[in-house]
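[1] Provided below for reference: sequence and predicted model.
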Amino acid sequence: MNYLSLLSFLLFFTAYFGLMYFLVLKRQNENKNISDYLLSQLDNKIIYSRKNIKADVYGSGKKNQNLYFSYCDLYVIPDAIFLITYSKFINKPMQSMPLMITNNSDLYNAFNTNGIVPEIKKINPDSFSNEVYIDYGESTLDSTNITIHLKNLSEQERNYFRF
């Protein structure tokens, strides 16, 4: 009887984590498709890019795991910054929701599916530790306030955040 309990537990465990893996992989693929599409649309406008920027993301309010990431790829276009966001899991990138940071959100409204172009509250490119602080959203039961710290950016890269 003990073997039956162990077998039942293993089947449940495998099914549960298999389902969770499938759901995460599905969301990651959707985010990757969105990022690839947006990058292809903006490709001829890119004036600067840098990959693997370390980021710390803090959130309050409604928890939405699709907004959290630990790395991003930075793409600068003349009036906006496009971030392809991801976290690393066993050295493989798991993409989060891409972000378009701009003061001209009306121009990029066509890209604004699922909050890709958030309304920015504050951008601070003048921190002491060569970081850029980005703050957007509201902390309520229905929405999330997100604070992003992009780390180890050069002076030139921080200047791109001065809109």
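    Received, thanks. Note that the structure is predicted; figures quoted are calculated from it, not measured.
[2] Pretty sure K151 sits against V57.
    No: contact between K151 and V57 fails when scored by Cβ atoms under 8 Å: they sit 11.3 Å apart. C-betas here are computed from N, CA, C, even on glycine.
[3] higher neighbour count, these two?
    Using other Cβ atoms under 10 Å, the more surrounded residue of K151 and V57 is V57, with 18 against 14.
[4] Tell me which residues touch that one, please.
    In this structure, V57 makes contact with L67, Y68, F69, S70, I146, T147, I148, H149, judged by Cβ atoms under 8 Å, 6 or more residues apart in numbering.
[5] which element follows the helix or strand hosting Y58 toward the C-terminus?
    In the assignment (DSSP states H and E), Y58 maps to strand 48-61. Note on strand 48-61: by DSSP H and E, the next helix or strand toward the C-terminus is strand 71-77.
[6] Would you agree S129 falls within a helix?
    No: S129 sits outside any helix when classified using DSSP: H, G, I helix; E, B strand; the rest coil, being coil.
[7] follow-up on the earlier one: of the contacts of V57, which is the nearest to E155?
    H149 (17.0 Å; Cβ to Cβ).
[8] isn't the closest one right up against N130?
    No: look at H149 against N130 with Cβ under 8 Å: they stay out of range, at 10.7 Å.
[9] First-to-last residue distance for stretch 151-163?
    Counting by Cα to Cα, to the nearest Å, you get 19 Å between the two ends of stretch 151-163.
[10] Begin at 74 from now on, thanks
    Understood, numbering begins at 74; the last thing we discussed is stretch 224-236.
[11] How far does that stretch sit from its chain's centre?
    18 Å (Cα atoms, centre = their mean, to the nearest Å).
[12] Pull out the buried positions in that stretch.
    Buried residues in stretch 224-236, counted by 16 or more other Cβ atoms under 10 Å: L226, E230, R231, Y233, F234.
[13] Thanks again, I'm all set now.
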